[in-house]
Every structure is written in C-alpha cells, then in structure tokens.
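Engineer: what shape does this take:
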Amino acid sequence: MLHIVNKSPSERTALASCLAHARPGHCVLLIEDAVYAATRGHAAGEGLAAAMASQVKVYVLAPDLEARARAGAVADGVSMVDYAGFVDLVAKNPRVQSWL
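Structural biologist: Alright, predicted model coming up:
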C-alpha cells in the first residue's frame, strides 16, 4: 500500500494518522508541505524513524524539497524520488491512500 501525505505535520495530523496505520511493507510518500517532515531535525523525524525501523519505506518528492530549499537536508533513510519515481510507486502499489 502507498500512503501519500501532502500537509505539513506542523499544521495537520495527517502524517501522524498515516504512520499509525502504516504496516511493514507499506510505502509513505511525502509531497508538497509534508516534505518538511523528511528533513533532519524536524519534530516528525522520530515518527518517521520508528516507521522505517518497522519496515515502512519512506519517500519524499525531490522537486517539492527543492522548491522549499530543503533538498540538502533529507533525513537518513528517506529516499528521494522524482515525478517518474512517484508514478512508479503508484504503479507498484495496488492500493493508494491519500491523507488530507
């Protein structure tokens, strides 16, 4: 399953809800303002690290990081993908859940 989160964890609880439902083997893709969570030192980092430790893969959309000048600050274990990678994630996961 692919979980897509687009809201900043500083403004909404979408990421926390997503991580509570993510299971081993699931993928989480952070886009738009949710990309801030994937940067070193962000308050959401602990939750992302726990998810990755339980075999949840975490991805971040590189163009959204670049647009926010955060591309050089990606937390360890988080994989960056471009738009083609976004499409690949959707194609590889038969179920997709967007968290609003």
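
Engineer: what is the neighbour count of residue 30?
Structural biologist: 29 (other C-beta atoms under 10 Å). For every residue, glycine as well, the C-beta is placed using N, CA and C.

Engineer: ditto for residue 81
Structural biologist: 17.

Engineer: nearest residue to residue 62 other than its sequence neighbours?
Structural biologist: The spatially closest residue to residue 62, leaving aside those adjacent along the chain, is residue 80, at 4.3 Å (C-beta to C-beta, 6 or more residues apart in numbering).

Engineer: now do the same for that neighbour: helix, strand or coil?
Structural biologist: On the three-state scheme (DSSP: H, G, I helix; E, B strand; the rest coil), residue 80 is labelled strand.

Engineer: can you pull the pLDDT of it?
Structural biologist: Per-residue pLDDT puts residue 80 at 97.

Engineer: partners of it in the sheet?
Structural biologist: residue 60 (DSSP bridges).

Engineer: next: residue 27.
Structural biologist: Beta-bridge partners for residue 27, by DSSP bridges, are residue 2, residue 57.

Engineer: how many neighbours does it have?
Structural biologist: Neighbours around residue 27, by other C-beta under 10 Å: 19.

Engineer: likewise residue 39?
Structural biologist: Neighbours of residue 39 using other C-beta under 10 Å come to 20.

Engineer: tell me the contacts of it?
Structural biologist: Residue 39 sits next to 45, 65, 70, 73-75 when contact means C-beta atoms under 8 Å, 6 or more residues apart in numbering.

Engineer: over to residue 34?
Structural biologist: If you count contacts by C-beta under 8 Å, 6+ apart, then residue 34 has 5-9, 14-15 around it.

Engineer: does it sit in a helix, a strand or a coil?
Structural biologist: Following three-state DSSP, we place residue 34 in the helix state.

Engineer: give me the nearest residue to it, chain neighbours excluded.
Structural biologist: Nearest in space to residue 34, with sequence neighbours left out and distances taken as C-beta to C-beta, 6+ apart, is residue 5 at 4.3 Å.

Engineer: that neighbour contacts residue 33, correct?
Structural biologist: No. Counting by C-beta atoms under 8 Å, residue 5 stays clear of residue 33, with 9.4 Å between them.

Engineer: just want to know which of these two has more residues nearby.
Structural biologist: Higher neighbour count among residue 5 and residue 33: residue 5, with 27 against 17, using other C-beta under 10 Å.
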